[in-house]
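Asker: Predicted model, plus sequence, below.
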Amino acid sequence: EADIYQTPRYLVIGTGKKITLECSQTMGHDKMYWYQQDPGMELHLIHYSYGVNSTEKGDLSSESTVSRIRTEHFPLTLESARPSHTSQYLCASSPSGQGINQPQHFGDGTRLSIL
Amino acid sequence: AQKITQTQPGMFVQEKEAVTLDCTYDTSDQSYGLFWYKQPSSGEMIFLIYQGSYDEQNATEGRYSLNFQKARKSANLVISASQLGDSAMYFCAMRETYTGFQKLVFGTGTRLLVSP
């Protein structure tokens, strides 16, 4: 059973607010990822990290930012939320150095709704 | 760039029957990995099964099996003896390797509905 946790599970908030979505994993995985997913649609990678102090932008442009100060923690921040940010955000992690067959382990996701 | 295609937006199956969910992929890599994930309505992504491009045997995990046809670039998921709890979205994904980071590229998914 994967140990990766996201909070909050649901968030409804007004336009212009600063938001931080939390993601933590207890598996010691070096690689972590953030995906954005609209309802019924595919996942798009928006950020990823090789390890501490490493952050990279993904394939889908996003106004969000991430940080990786500790191995286990990979928070995502929106400085000023807008209705277009309404979506589900999924965090994942995977181990390093064990080949391409290692699956990414996902958290339960945060469903974000901006009014 | 690598691409995953899932042409079935929705599938219906009766309980206890088998169902095949289609997935085709496009890549120029020789080494790649294919994954299937299940996403219930609650939103989490659950890893089901993996197939490596050099694996000679089709992968199996309990009621899940992967029909891997490398020449056709297809990696269809077969669920045997469907259960009501199998109703969910199913995503096929490919791991890119040339970047060294091994990002996952996802298809658009297939919604499976299992009826009693």
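Answerer: Here it is on my side, so go on.
Asker: If you drop the residues flanking it in sequence, what lies closest to residue A:43?
Answerer: residue A:35 (4.2 Å; CB to CB, 6 or more residues apart in numbering or on different chains). Where you see a C-beta, it was placed from the backbone N, CA and C, and this is true even at glycine.
Asker: What residues are recorded as beta-bridge partners of that neighbour?
Answerer: Beta-bridge partners for residue A:35, by DSSP bridges, are residue A:45, residue A:90.
Asker: And the pLDDT at it?
Answerer: If you check residue A:35, the pLDDT there is 96.
Asker: need the contact list for it.
Answerer: A:43, A:44, A:45, A:46, A:58, A:89, A:90, A:91, A:92 (CB atoms under 8 Å, 6 or more residues apart in numbering or on different chains).
Asker: Name the member of the residues you listed with the most neighbours.
Answerer: Neighbour tally across the contacts of residue A:35 (other CB atoms under 10 Å in any protein chain shown): the maximum, 28 neighbours, falls on residue A:91.
Asker: That one contacts residue A:33, correct?
Answerer: Yes - here residue A:91 reaches residue A:33: they are 7.0 Å apart, a contact under CB atoms under 8 Å.
Asker: Might one say that residue A:36 is in contact with residue A:86?
Answerer: No - the criterion here is CB under 8 Å, and residue A:36 misses it with residue A:86 at 10.4 Å.
Asker: for residue B:85, helix, strand, or coil?
Answerer: helix (DSSP: H, G, I helix; E, B strand; the rest coil).
Asker: Residues of chain B that sit close to chain A?
Answerer: Contacts of chain B with chain A, taken as CB under 8 Å from any CB of the partner chain, map to B:31-33, B:35, B:37, B:42-47, B:50, B:52, B:89, B:91, B:95, B:97, B:101-104, B:106-109, B:111.
Asker: Could you identify the buried members of the residues you listed?
Answerer: Buried members of these, scored by 16 or more other CB atoms under 10 Å in any protein chain shown, are B:32-33, B:35, B:37, B:43-45, B:47, B:50, B:52, B:89, B:91, B:95, B:97, B:102-104, B:106-109, B:111.
Asker: Who are the contact partners of residue A:90?
Answerer: The contact partners of residue A:90, taken as CB under 8 Å, 6+ apart, are A:6, A:34, A:35, A:36, A:37, A:43, A:106, A:107, A:109, B:43, B:45.
Asker: With residue B:72 instead?
Answerer: Contacts of residue B:72 by CB under 8 Å, 6+ apart are residue B:24.
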